[in-house]
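Asks: Give me the fold of what follows.
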Amino acid sequence: YFMLPFVDDFHRYLRGELHKVSEGAGGELSEIFDLAATRSALQQRVDELRSECTANKRLQEKFAMVAAMMRREQERTIQESLSGSR
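Replies: Now for the predicted structure:
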């Protein structure tokens, strides 16, 4: 799922780079197909996405904790109002 933006944009990027090379404005053709650099860039992106997922998971846990605290406080307030009206 996280690779979809890459898959969507890759063909545009590759076409643009090939166009630059054919016009002489870009580097050499071997630079486009530098698999080591591509692998490194993809690995860095994977690491960034994993880090982002971890941060999102922590944030979701914090929101769940706050929601539970608010529920308990609301229940306590309801119990107090019911006890006071008797």
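Asks: what helix or strand is Leu18 on?
Replies: helix 4-23 (DSSP states H and E).
Asks: What average pLDDT does that helix get?
Replies: Averaged across helix 4-23, pLDDT comes to 77.
Asks: Scan the helices and strands of this protein for the one with the lowest mean pLDDT.
Replies: Every helix and strand in the chain was compared by mean pLDDT, DSSP states H and E; the lowest is helix 29-32, with a mean of 60.
Asks: that older thread, and the helix holding Leu18, how far out from the chain's middle?
Replies: 22 Å (C-alpha atoms, centre = their mean, to the nearest Å).
Asks: Return the set of buried residues in it.
Replies: Glu17, Val21 (16 or more other C-beta atoms under 10 Å). Glycine gets a C-beta too; all of them are placed from N, C-alpha and C.
Asks: Which strands and helices lie in contact with it?
Replies: Counting contacts by 3 or more C-beta pairs under 8 Å, 6 or more residues apart in numbering; DSSP states H and E, helix 4-23 packs against helix 29-32.
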